[in-house]
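> Requesting a structural model of the entry that follows:
(one chain, ligands or ions: 3)
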Amino acid sequence: MSKKFKIFTYGCQMNRYDTETITGYLEAEGYEETESNESADLILLNTCSIRDKAEQKVYSQIGRLDKLKKTNPALKVGVCGCFATRDGEAIAKRGKAVDLVFGTQNIAKLPMLLEEMEERRVVDTEPIAPDFTELAPMVRGGGLNAFVSIARGCDNFCTFCVVPYTRGPEWSKPSELIVDEVERAVEEGFREVTLLGQNVNSYGRKSPGELTFGGLMRRLNDVNGLERIRFMTSHPKDCDEDMVDAMGESPKVCEHLHLPVQSGADAVLARMERGYTAEEYLEKVSLFRERVKDGVLTSDVIIGFPGERDEDFERTLRVLREARYDNIYMFKYSPRPGTPAFDMEDTLPEEVLTERFEEASRVQREMTESLHAELVGGVQEVMVEGAVKPRSAPAGCAGCPDFADESDSNWFAGRSRGNHRVQLYAEGFTPEPGDVVEVKIMRGGIHSLAGVSPPSAVVMEEGE
Ligand code: SAH
Ligand code: SF4
Ligand code: F3S
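Residues are numbered from 1 along each chain as shown. Ligands and ions are numbered 1, 2, ... in the order given. From the prediction side, this is the model:
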């Protein structure tokens, strides 16, 4: 009988991509995925280390698995991902249940490590060079979107960030291999890809003769059967005209740019070693607005970096207003041992962090509300993901058909090109997942838009 495994994934898309690769290796070794902890022979935790909370979550999960192992001594427990890479030995020491620790940069060794694990406890986080001669086995999750990693690691060493330590130096995957991977995903039925890298804009710069990121997008725009291309994350210091133009000119590349600013104050940006000033950042925003029609911009902001003064925080609020972000991910600064910022003075008390966090949330909320209100009356191209239950359909959608009747199943949900979640009422037709339809927006909520799709609204049917 084949062995069963279960993986818990924490953190960002990069970890979700790694989980798909790990699943590929495990299935190639004859393992089969299971839903329940109780029936698993192997449980893996694919961990994140970005903030302290992320690490604490892993320890409490290991505690639970310690208990499970008492009732099922044959169970093997593995820990991988960013936290494992950073602190593998400490995890193995603290978690008695842990049989295997491996890193983000030696996943390809997994078949060998699994064998070793049968004999003894294994902790191996030693990086190996990526094999860029062929695609790793992958078992992708469901849905319409496939993640495709285009680069591994990060060379930027922003002073607050663990990623360069957990994922090592930047390596760009050769573009031919990326094209193969995207084509394979399309053959498997995916309609959309999200290109992943910590800094997609520096793609290829260390590989002589390689395409630029703009060039890569143009190349992927030619892949038949692919409908949409997304990407993240863009680093403002490397975001250039070539990339913005490629976005504007390639019909399959969606008009959504995630361009994390982190702070709006030059003094803070300098201590973060981000490599740009607020003004330079806003120039990139203007370039994006100018070249990409109907562009949607999002960002990450860190609140309360050491030494952030009131006036620095005010500058961040100013950038939120000027950049006109559709949405932002906001984080209270979390000191990470081993990073340069960890030893910086003038850390701020929690009350100040909370106060600033709430104020910035208010400012952003107003911005999101006003931008979404502007979308009402317009038309969005939406890729349908599936039906939504009538009860979860939007309230307050002026002009939307009444759908209180539970037998009315003509409500669907999907994503706009700008990555808004859209709920749509299909008038007299039933779209399939993967269809692209036009939706007249009737309601611009904070978290999702809603509207109606007339029968003539089908732009593209799945498989065309
Ligand atoms: N490569 C991406 C970010 C990856 S981490 C970039 O350069 O933008 C995702 C986000 O987590 C970061 O953008 C940052 O806003 C946040 N983050 C990273 N380290 C953090 C820390 N120590 N405390 C709080 N937030 C942090
Ligand atoms: Fe971290 Fe900076 Fe690299 Fe992003 S670019 S992963 S924030 S070091
Ligand atoms: Fe991602 Fe967390 Fe690692 S955000 S890169 S999984 S530290």
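> Get me the contact residues on the stretch 201-350 of the chain for ligand 1.
Within the stretch 201-350 of the chain, the positions near ligand 1 by Cβ under 6 Å from any ligand atom are 233, 235, 260, 262, 300, 302, 331, 333-334, 336. No exception for glycine: its C-beta is placed from N, CA and C like everyone else's.
> residues of the longest helix belonging to the chain that come out buried?
Using DSSP state H, we find that the single longest helix of the chain is helix 350-375. Buried residues in helix 350-375, counted by 16 or more other Cβ atoms under 10 Å: 352-353, 356-357, 360, 363-364, 367-368, 371-372, 375.
> one step back: between the residues of the stretch 201-350 of the chain next to ligand 1, identify the one with the most neighbours.
The most crowded member of those, judged by other Cβ atoms under 10 Å, is Q262 (25 neighbours).
> which residues does that residue bridge with?
Beta-bridge pairing for Q262 (DSSP bridges): V301.
> switch to numbering from 91
That works, and once the first residue is 91, the last one we named lands at Q352.
> For it, give me its contacts.
248, 358-359, 362, 364, 390-392, 395 (Cβ atoms under 8 Å, 6 or more residues apart in numbering).
> give me that answer again for 7 Å
Applying Cβ atoms under 7 Å, 6 or more residues apart in numbering to Q352 gives the contacts 359, 362, 364, 390-392.
> Would you check which of those are in contact with ligand 3?
Answer for those near ligand 3: none qualify (Cβ under 6 Å from any ligand atom).
> What is the most widely separated pair among those residues?
L359 and D390 (13.2 Å; Cβ to Cβ).
> Switch the contacts of Q352 over to JSON lines, and while doing so, append distance to Y100 and pLDDT to every line.
JSON lines is the format used below for the contacts of Q352 (distance: Cβ to Cβ, whole Å; pLDDT from 0 to 100):
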{"residue": "L359", "distance to Y100": "28", "pLDDT": "98"}
{"residue": "M362", "distance to Y100": "24", "pLDDT": "98"}
{"residue": "R364", "distance to Y100": "25", "pLDDT": "98"}
{"residue": "D390", "distance to Y100": "17", "pLDDT": "98"}
{"residue": "V391", "distance to Y100": "21", "pLDDT": "98"}
{"residue": "I392", "distance to Y100": "19", "pLDDT": "98"}
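> Can you tell me which of those is nearest E278?
Distance to E278 across the contacts of Q352 (Cβ to Cβ) is lowest for D390, with 30.8 Å.
> The closest one contacts M362, correct?
No. With contact defined as Cβ atoms under 7 Å, D390 does not reach M362; the gap is 11.8 Å.
> helices and strands around the longest helix of the chain, which ones?
strand 386-393, helix 400-413, strand 417-422, strand 526-534 (3 or more Cβ pairs under 7 Å, 6 or more residues apart in numbering; DSSP states H and E).
> Next, the angle strand 526-534 makes with it.
Angle, helix 440-465 to strand 526-534, by axes from the mean of the first three to the mean of the last three Cα atoms, to 10 degrees: 120 degrees.
> Quick check: which ranges of the stretch 441-554 of the chain have low pLDDT?
Low-confidence regions of the stretch 441-554 of the chain, defined by pLDDT under 70, span residues 480-486, 488-489, 491-499, 547-554.
> Right, and ligand 1 sits closest to which residue of it?
Closest contact between the stretch 441-554 of the chain and ligand 1, by Cβ to the nearest ligand atom, is at L443 (10.2 Å).
> Start and end of stretch 221-229, how far apart?
Taking Cα to Cα, to the nearest Å, stretch 221-229 runs 18 Å from one end to the other.
> Name the residues of that stretch that come out as buried.
So stretch 221-229, judged by 16+ other Cβ under 10 Å, has buried residues 226-228.
> now it, how far from the chain's geometric center?
With Cα atoms, centre = their mean, to the nearest Å as the basis, stretch 221-229 stands 21 Å off its chain's centre.
> Show me the contact partners of that stretch.
Contacts to stretch 221-229, defined as Cβ under 7 Å, 6+ apart, come from residues 110-111, 113-115, 117-118, 198, 263-264, 267, 270-271.
> Helices of the stretch 141-290 of the chain, start to end?
142-161, 171-184, 200-209, 253-257, 265-277 (DSSP state H, counting those that start in this stretch).
> possible to save those as JSON lines with distance to S546?
Below are those laid out as JSON lines (distance: least, Cβ to Cβ, whole Å):
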{"stretch": "helix 142-161", "distance to S546": "47"}
{"stretch": "helix 171-184", "distance to S546": "47"}
{"stretch": "helix 200-209", "distance to S546": "51"}
{"stretch": "helix 253-257", "distance to S546": "47"}
{"stretch": "helix 265-277", "distance to S546": "27"}
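> Among the ones you listed, which comes closest to A130?
It's helix 142-161; of the helices of the stretch 141-290 of the chain, that one is closest to A130 (Cβ to Cβ) at 9.0 Å.
> CA atoms only for the closest one - export them in CSV, please.
What follows is helix 142-161, C-alpha atoms only, in CSV (Å, rounded to 0.1, in the frame of the first residue of the first chain):
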residue,chain,number,x,y,z
ASP,A,142,7.9,36.6,14.3
LYS,A,143,4.3,35.5,14.3
ALA,A,144,4.9,33.2,11.3
GLU,A,145,7.6,31.4,13.2
GLN,A,146,5.5,31.1,16.4
LYS,A,147,2.7,29.5,14.4
VAL,A,148,5.2,26.7,13.3
TYR,A,149,6.2,25.9,16.8
SER,A,150,2.6,25.6,17.9
GLN,A,151,1.9,23.3,15.0
ILE,A,152,4.9,21.2,15.8
GLY,A,153,3.6,20.9,19.4
ARG,A,154,0.3,19.5,18.0
LEU,A,155,2.2,17.0,15.9
ASP,A,156,4.2,15.9,18.9
LYS,A,157,0.9,14.9,20.5
LEU,A,158,-0.3,13.2,17.3
LYS,A,159,2.9,11.2,17.2
LYS,A,160,2.2,9.7,20.6
THR,A,161,-1.0,8.1,19.3
